[in-house]
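Enquirer: Mind looking at a prediction? Sequence and model below.
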Amino acid sequence: MLQPITPTKPATTSRAPTPSWTKADFVPFSPSRTMSSTDSSPVKPFPSPGPTQRRTKEEIERKKEEAMQRLKAKAEEKKRLERQKKREQLAAQSLSKFGFKITVASAGISRYGTGKGGVKKEDSDARSPSPQKPKEWAPDERCSDEQRAVLEQVKAGDNVFFTGSAGVGKSFLLKEVTRLLDHLERPYQVTATTGIAALQISGITIHSFAGIGLGKEAINVLYDRIKRSKEKEKVWLNTRCLIIDEVSMSPADLFTKLNILGKLIRKSNLPFGGMQLIVSGDFFQLPPVPEAFSDMRCMRCDHTHLTKVDLHDACVPYEERAKGVPPADIMRCTDIVKRDGGIIAGCGFERRIRRFAFETEAWAECNFLVMELTKVFRQDHPVFIATLEKIRRGICDDECTRFLANCGAELGKGGNIDIQPTNLYPLRKAVDDENRREFEKLKEQAYTFQALDDSRGAYAESVLGERLANVPPSKTLQLKKGAQVLLLANLDVKNGLVNGSRGVIVDWVDRDAVPLDSDADEPVWPGQTQRKKSAGGGMFGGEEWREKAAELWADKQEVEVFPLVYFATGRQLIIRPHTWCIDIDKHNTVARTQLPLQLAWALTIHKSQGQSLDAVGVRLTSTFEKGQAYVALSRCRKPEGMKIDGFRPGVVMAHPVVTIFYDCIKNKTPFFITAVPPVNPLDFVPDFDPLIDKLTRIFGRPTGPIPPGSAVLAPGQKKPAQAYVNPGAQVVAPPQPYVNPGAQVAAPPPRVGWKELLAQAADAFIGAGGCASATDWKDVDVNKPGFDDASVFTAEAYRVISQATRRKRKSSYSAPPASDVDSDSTGNDTLDSIIIDGVKQEKTGGPSGGGKGKKAKRKRPRKRVGH
Ligand SMILES: Nc1ncnc2c1ncn2[C@@H]1O[C@H](COP(=O)(O)OP(=O)(O)OP(=O)(O)O)[C@@H](O)[C@H]1O
């Protein structure tokens, strides 16, 4: 074996150096020479050959081989760059035809400056200030006075809601807000209510921030989910300031849940647990997608059986009818009597079905400083701006109709708008038809991909086709090189590859290709970013199961390639199959595996919200939603770049509640007035929760029935008490509940405690023959098919209680009782220092209040399960 040349020896010199070894030291290497363990003579190292030594044949061969490799690598690199350039050209060409530009964004976020990119660290951390904090901060010089005023309020720490028509620069201003927060070193999170809106402001979705998935479940389920993950909890705890864009698309329930979750996780009774809230949006634009009646779940106990009940006037203690606000339905969580005699207990919780976030108590609690931006930046044509403002408010007079009829004169005539318009349609079907037409124009070879559908449960199997008939990932997907595509899944949120991202297919990659380089400009191998990290191993929908589904999908395809897509964000990605699961109920799920792509020459109006476009074709024939026509018509920068089809005054609609809300903002009058106090967050936490004692000390014990809610304060109103004495208020102030003398006033439903609920559920479970007695619960496999919600609930509750009891017993009351059971606590809020209303409270009684002395023993009542 040869020793490496030591660095002290020059590798090449003009003269041969004198060897530092003697001839006697040189022992030629002979492979036959073996070393025996008994050989006592010290083995001398083989000396390195000097530069004058002749190279061996093998060495020459090796060098030659290396040189060849280098040449090959160089040639490949050259080819790669050429291929890359070609792909970029193709992508740029195809996207720019539609007015999209490729913006090469670096990975992560530049915290100071543009605020571009995703979250640099793990998603778990709020964006905390970086060490290179800019010394000086000044708003962008383009900011208007209104925009500067918003920044001042943000700086002051107020909860701010800024609103205004489309194009007044709300998203633009949010970027300025993040620059300001960076400067102030105030940890913040930038979120939006949809993936595409989040992409516009380089943020994440509000769901992703909160760690609540779709957020449809009851508050206690979501709370549990967050508490079980240290990372998710850390995000909530570390965020000082929460930014939410496109708040108009946030369902009212989601806003309510986030408020309560914020309080519970941050252990503070302040709205959203004391975070500063900066929300922006225009409620005249598209509203949140309404929840189907069959999908509604109880916010308190996650029961799926809700029934509509008559408005009992005693529960409507605020004035709203005088303003013309239509009364909202009340849904009550009720029992289900099963055919076999068992009962799945409902908790009796009632809530009013509201659509918009501003209709909730959570909104009222936040006491937003409402700031309306009025200067429109997207358009500069004064008549166009005035027309859009009328349409925003649901007004369409002759002047508007005439103006809109003359729009789009230059489009397609080779004038100053030479890009192909992006067509916007209200319905997905029309979008699909147009995409197919454009697709057929491409001369490239078409590849077809068939979806793989699967189901769990007998019922799911019977409705598989029906349930998957209208989902966006199509059953048969045809793609070609050069096709414009839309991503249908959040593949890499940090790098802006989210549901709605636009790109072009620039190449085909062999399915068996080895993982490619992870250069910034190279395709990221899908395994790194596309694998959905879902728990559950081989279970239906679990990670292993998804991998298997992807393999089965691949076996089904006739072609063995994946598309390489170049996105408008400047990133490219090999797109592999993705699986979507739709839960019908606990035991039935349908799933589709397909490439998460859709052709995208045309877009739905929903997907276009928040975008500015230079050339648009607006097709309004089948407009079905309030605000839809306004969103479509306000996307284009110039009237000459917008061609309108199917316009009639009837498509211009504004939601009456939104109109009332904005009138209140304009007149500085209260929207709703309420005497209902904010709900106690503990109404949504089971009383066997391990942290219940600690939480009770912060929030107090809930008393009385939970009001059905939805009583909202006016923008700018301070407290409910002040609302009634506000002399400036121009509305009839009704402090007394409205009681209809003719109506039979139904009594509010009795309060059902968690224990009763649990007992009822247990009875139902045992009654249904689930197991013989309560003690058998611990052996229950809750994942076994055939178990209904109640039994799962009961069995899991049993587990929680027994775990907590075991932990308590283990500690033998020698350690602080609450922290014993608080296995999920972050550790900085033990019994000795708890946070009440955002203020750290020191517990008295211990030496120097620091909690280092012996803790007082505390007798804790033994908890029993229902019966
Ligand atoms: N102060 C400003 N100076 C110059 N341009 C601005 C200013 N504010 C916003 N803009 C530009 O106006 C256009 C529209 O802005 P932006 O998308 O932020 O509006 P928006 O209110 O969020 O619209 P939408 O409600 O449709 O989402 C963008 O091109 C943006 O760069």
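Expert: On my side now, so go ahead. What you see is a predicted model, and the numbers here were worked out from it, not measured in a lab.
Enquirer: where does the nearest residue to residue 301 once chain neighbours are set aside land in three-state SS?
Expert: Spatial nearest neighbour of residue 301, chain neighbours left out: residue 347 (4.2 Å); criterion: C-beta to C-beta, 6 or more residues apart in numbering. Every residue, glycine included, has its C-beta placed from N, CA and C. Of the three states, residue 347 takes coil according to DSSP: H, G, I helix; E, B strand; the rest coil.
Enquirer: Touching, residue 347 and residue 299? I think so.
Expert: No. When contacts are counted by C-beta atoms under 8 Å, residue 347 is not listed as touching residue 299 (9.8 Å).
Enquirer: in the stretch 501-650 of the chain, which spans are helices?
Expert: For the stretch 501-650 of the chain, the helices defined by DSSP state H, counting those that start in this stretch occupy 526-529, 543-556, 605-608, 628-633.
Enquirer: Looking at these, spot the one closest to residue 617.
Expert: For these, proximity to residue 617 was assessed by C-beta to C-beta; helix 628-633 is nearest, at 9.7 Å.
Enquirer: That closest one and the ligand in contact?
Expert: No. On the criterion C-beta under 6 Å from any ligand atom, helix 628-633 is out of touch with the ligand, staying 7.4 Å away.
Enquirer: Now residue 306. Nearest residue, chain neighbours left out?
Expert: Residue 306 sits nearest to residue 331 (C-beta to C-beta, 6+ apart), 4.3 Å away.
Enquirer: OK, contacts around that neighbour?
Expert: 296, 306, 307, 308, 309, 350, 351, 352, 353 (C-beta atoms under 8 Å, 6 or more residues apart in numbering).
Enquirer: Out of the residues you listed, the closest to the ligand would be?
Expert: For the contacts of residue 331, the closest approach to the ligand (C-beta to the nearest ligand atom) belongs to residue 353, at 26.3 Å.
Enquirer: Isn't that closest one up against residue 329?
Expert: Yes. The criterion here is C-beta under 8 Å, and residue 353 meets it with residue 329 at 4.8 Å.
Enquirer: more neighbours, those two?
Expert: residue 353 (19 against 14; other C-beta atoms under 10 Å).
Enquirer: Specify the helix with the largest residue count in the protein.
Expert: Across the chain, the helix with the greatest residue count (assigned by DSSP state H) is helix 57-96.
Enquirer: Buried deepest among the helices of the stretch 501-650 of the chain, which one?
Expert: Stretch with highest mean neighbour count among the helices of the stretch 501-650 of the chain: helix 628-633 (a mean of 27; mean count of other C-beta atoms under 10 Å).
Enquirer: Stretch 491-510 and the ligand, are they touching?
Expert: No. Judged by C-beta under 6 Å from any ligand atom, stretch 491-510 and the ligand are separated, with a smallest distance of 13.8 Å.
Enquirer: Export that stretch to PDB, keeping only CA atoms.
Expert: Output of stretch 491-510 as PDB, limited to C-alpha atoms (Å, rounded to 0.1, in the frame of the first residue of the first chain):
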ATOM      1  CA  LEU A 491     -46.100  20.400  -2.300                       C
ATOM      2  CA  ASP A 492     -43.600  22.900  -1.000                       C
ATOM      3  CA  VAL A 493     -45.200  25.700   0.900                       C
ATOM      4  CA  LYS A 494     -41.900  27.300   1.900                       C
ATOM      5  CA  ASN A 495     -40.900  27.600  -1.700                       C
ATOM      6  CA  GLY A 496     -44.200  28.800  -3.000                       C
ATOM      7  CA  LEU A 497     -45.300  25.600  -4.600                       C
ATOM      8  CA  VAL A 498     -48.900  25.500  -3.400                       C
ATOM      9  CA  ASN A 499     -52.300  24.700  -4.600                       C
ATOM     10  CA  GLY A 500     -52.900  27.300  -7.300                       C
ATOM     11  CA  SER A 501     -49.300  27.900  -8.400                       C
ATOM     12  CA  ARG A 502     -48.900  28.300 -12.100                       C
ATOM     13  CA  GLY A 503     -46.300  26.700 -14.300                       C
ATOM     14  CA  VAL A 504     -45.400  25.100 -17.600                       C
ATOM     15  CA  ILE A 505     -44.400  21.500 -18.400                       C
ATOM     16  CA  VAL A 506     -40.900  21.900 -19.800                       C
ATOM     17  CA  ASP A 507     -39.700  18.300 -20.000                       C
ATOM     18  CA  TRP A 508     -40.400  14.600 -19.300                       C
ATOM     19  CA  VAL A 509     -38.200  12.700 -16.800                       C
ATOM     20  CA  ASP A 510     -37.700   9.000 -16.800                       C
END
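Enquirer: Can you give me the pLDDT of the nearest residue to residue 157 once chain neighbours are set aside?
Expert: What sits nearest to residue 157 in space, not counting adjacent residues and going by C-beta to C-beta, 6+ apart, is residue 276, at 5.7 Å. If you check residue 276, the pLDDT there is 95.
Enquirer: can you count the residues close to residue 436?
Expert: By the measure other C-beta under 10 Å, the count of residues near residue 436 is 13.
Enquirer: Thought residue 598 was touching it, still the case?
Expert: No. Contact criterion C-beta under 8 Å: residue 436 and residue 598 do not qualify, at 11.3 Å.
Enquirer: Now the terminal residues of stretch 342-358, how far apart.
Expert: Stretch 342-358 has an end-to-end distance of 40 Å (criterion: C-alpha to C-alpha, to the nearest Å).
Enquirer: what is the rounded mean pLDDT of it?
Expert: In this model, stretch 342-358 carries a mean pLDDT of 80.
Enquirer: Residue numbers of this structure in contact with the ligand?
Expert: Proximity of the chain to the ligand (C-beta under 6 Å from any ligand atom) is limited to residues 142-144, 147, 166-172, 282, 377-378, 610, 612.
Enquirer: so which pair among those is furthest apart in space?
Expert: 142 and 282 (20.5 Å).
Enquirer: before we move on, back to that, which neighbouring elements make contact with the longest helix of the chain?
Expert: When contacts are defined as 3 or more C-beta pairs under 8 Å, 6 or more residues apart in numbering; DSSP states H and E, helix 57-96 packs onto strand 502-510, strand 561-567.
Enquirer: which of those strands is buried the deepest?
Expert: Sorting the helices and strands packed on helix 57-96 by mean neighbours (by mean count of other C-beta under 10 Å), the first place falls to strand 561-567, with a mean of 24.
Enquirer: strands paired with that strand, and their directions?
Expert: strand 502-510 (antiparallel), strand 572-574 (antiparallel) (DSSP bridges).
Enquirer: looking at those strands, which is closest to residue 588?
Expert: strand 572-574 (32.9 Å).
Enquirer: avg pLDDT for the closest one?
Expert: 84.
Enquirer: Any buried residues in that strand, and which?
Expert: With burial defined by 16 or more other C-beta atoms under 10 Å, the residues of strand 572-574 counted as buried are 572, 573, 574.
Enquirer: Same list (those) but as CSV, adding distance to residue 90.
Expert: Compiled in CSV, the buried residues of strand 572-574 are given as follows (distance: C-beta to C-beta, whole Å):
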residue, distance to residue 90
572, 11
573, 15
574, 16
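Enquirer: what's the closest of those to residue 683?
Expert: Of the buried residues of strand 572-574, the one sitting nearest to residue 683 (C-beta to C-beta) turns out to be residue 573, at 44.9 Å.
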